[in-house]
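[1] When you get a sec, could you give me coordinates for this:
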Amino acid sequence: MRANILITDDNGNQFTTQVDLHPVKESTKKQLKVKVKNYIPLLNFDMNIRAFIHKFSSGMSGPKKFVLLLAFLVKGEIGKEESLKNIEKNWAKLTSLLRNRKDEKGEFNRFYPGTAKVSNWVTSKKQGYYCLTPNWKEIVTTKRKK
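    Numbers count the residues shown, from 1 in each chain. Got it, this is the predicted structure:
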């Protein structure tokens with residue numbers, strides 16, 4: 001049996017190939033485990049903001065949550081600027097979802113954008129405005145068990 005595979009990269013370039021598929025012998029099925037090291041979830045920017053933050057922010061640090069919120073506001077578009085004022089305004093609406101522990105307030109900390117810049121997840125071309133870098137997806141890459 002032959003299979004056609006079509007892959008589209010981030011730039012829209014398409015690659016295609018054909019492969020021959022053969023039945024797997026019962027004795028080798030145990031050996032054919034796929035080892036996935038990194039997994040990037042499919043981010044749906046059409047969700048409402050509360051559902052988006054609830055689904056993807058679990059276990060994240062404050063700077064990562066800052067990047068996640070920025071990504072939602074710019075719909076994942078690299079280079080599109082968003083004001084810090086607007087990010088803080090939206091953060092204030094989401095404090096119950098953005099706290100890690102029940103005893104935390106979940107308030108915005110001005111330390112978050114600086115750490116996100118140092119980690120190369122965001123950049124700032126002018127004061128008070130932030131945009132995503134291509135590395136921003138590192139925040140949602142999760143390690144999976146082998």
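[2] So which residues of this structure form helices?
    Per DSSP state H, the chain carries helices over the ranges 49-56, 62-73, 84-93, 95-98, 111-118.
[3] Among these, which comes closest to residue 8?
    Distances from residue 8 to each of these were compared using C-beta to C-beta; the shortest belongs to helix 62-73, at 20.5 Å. Every residue, glycine included, has its C-beta placed from N, CA and C.
[4] CA atoms only for that closest one, dumped as PDB, please.
    Presented in PDB, the C-alpha positions along helix 62-73 are these (Å, rounded to 0.1, in the frame of the first residue of the first chain):
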ATOM      1  CA  GLY A  62       3.800  34.800  35.200                       C
ATOM      2  CA  PRO A  63       6.000  35.800  32.200                       C
ATOM      3  CA  LYS A  64       4.700  32.900  30.200                       C
ATOM      4  CA  LYS A  65       1.100  33.900  31.000                       C
ATOM      5  CA  PHE A  66       2.000  37.400  29.800                       C
ATOM      6  CA  VAL A  67       3.200  36.000  26.500                       C
ATOM      7  CA  LEU A  68       0.100  33.800  26.200                       C
ATOM      8  CA  LEU A  69      -2.200  36.700  26.800                       C
ATOM      9  CA  LEU A  70      -0.300  38.800  24.300                       C
ATOM     10  CA  ALA A  71      -0.500  36.000  21.800                       C
ATOM     11  CA  PHE A  72      -4.200  35.800  22.200                       C
ATOM     12  CA  LEU A  73      -4.600  39.600  21.800                       C
END
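[5] Now do that helix and helix 111-118, the angle between them.
    Per axes from the mean of the first three to the mean of the last three C-alpha atoms, to 10 degrees, the angle that helix 62-73 makes with helix 111-118 is 80 degrees.
[6] tell me the pLDDT at residue 108?
    At residue 108, the model reports a pLDDT of 88.
[7] now swap in residue 102 and tell me
    pLDDT, residue 102: 63.
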